[in-house]
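[1] Using only what follows, build the 3D model:
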Amino acid sequence: MDFPEFAVEERLVSDSERVAFDAFSRLEASRTAQERVDSAVAFADVLGNPAEFKQYVAGASGDRLARIDRLLRVFEENVELLVHKTWVEKSDEKRKEKLLEELSSFEREFRDGAVPQSFKRFVALARSIAHLLFGAQSHADDFLLYCFRIDPKLGLFFWYLGELETQSREEGQSAVSEDLMTTETLIGIYILSSF
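    The predicted structure is shown next:
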């Protein structure tokens, strides 16, 4: 049984959150830009505020780019605040510094349109944030279950991150388009900016 089935069977998610698993499947399978937008919005609406994400993937190009720019700034500010406010052991101070460097690199690559690189860097960045927040637990086999029990939306985000990790490892063998990677990265940025 895969994790979405387990989460539903174990009642780790509500009926409204169950749609996220289906929306993500539709997002991965989307053949057209409209299908991708509709699926991305449906997925992001479960984890964020309904109808809020659509502004980053639909509408006039210039307006959309300006909104994405603001989203990136909010994301950067939130991650920096999180890093600076999180207490860690002395041995993890270097990890915090590296996370801030990765954040700058990610933002630069994303803005420059280096989609595969920024996609992979986002996944690594989000995993580093998980380690910062949860320590060694973030590497445990039951981390996803742990997150779902804390908050189903947090669990859904880390499940999503796991799906992105799988895509990033399979990049050479699969046909993940840059448009899909961009959309998925935007979803991740949006979700982390909303927490």
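
[2] Find the nearest non-adjacent residue to residue 182, please.
    Take residue 182 and drop its neighbours on the chain: the residue closest to it by Cβ to Cβ, 6 or more residues apart in numbering is residue 115, 5.6 Å away. Placement of C-beta: from N, CA and C, glycine included.

[3] could you say what helices and strands the helix or strand that contains residue 192 packs with?
    Assigned by DSSP states H and E, residue 192 belongs to helix 178-194. Applying 3 or more Cβ pairs under 8 Å, 6 or more residues apart in numbering; DSSP states H and E, one finds that helix 178-194 contacts helix 15-29, helix 33-47, helix 61-85, helix 115-134, helix 152-169.

[4] try 7 Å
    Judged by 3 or more Cβ pairs under 7 Å, 6 or more residues apart in numbering; DSSP states H and E, helix 178-194 is in contact with helix 33-47, helix 61-85, helix 115-134, helix 152-169.

[5] relative orientation of the longest one and helix 178-194 in degrees?
    So the one you mean is helix 61-85. Angle of helix 61-85 versus helix 178-194, following axes from the mean of the first three to the mean of the last three Cα atoms, to 10 degrees, is 50 degrees.

[6] quick revisit: got a list of what the residue nearest to residue 182 touches?
    Going by Cβ atoms under 7 Å, 6 or more residues apart in numbering, residue 115 touches 178, 181, 182.

[7] Kindly recompute the last result at 10 Å.
    For residue 115, the contacting residues are 109, 176, 177, 178, 179, 180, 181, 182, 185, by Cβ atoms under 10 Å, 6 or more residues apart in numbering.

[8] ok, residues contacting stretch 76-96?
    Counting by Cβ under 10 Å, 6+ apart, 97, 99-100, 102-104, 106-107, 125-126, 128-129, 131-133, 135, 189, 192-195 sit against stretch 76-96.

[9] Quick check: which ranges of this protein have low pLDDT?
    1, 3, 5-10, 87-92, 171-175 (pLDDT under 70).

[10] what do you get if the cut-off is 80, keeping everything else the same?
    For the chain, residues meeting the criterion pLDDT under 80 lie at 1-13, 16, 86-93, 170-176, 195.
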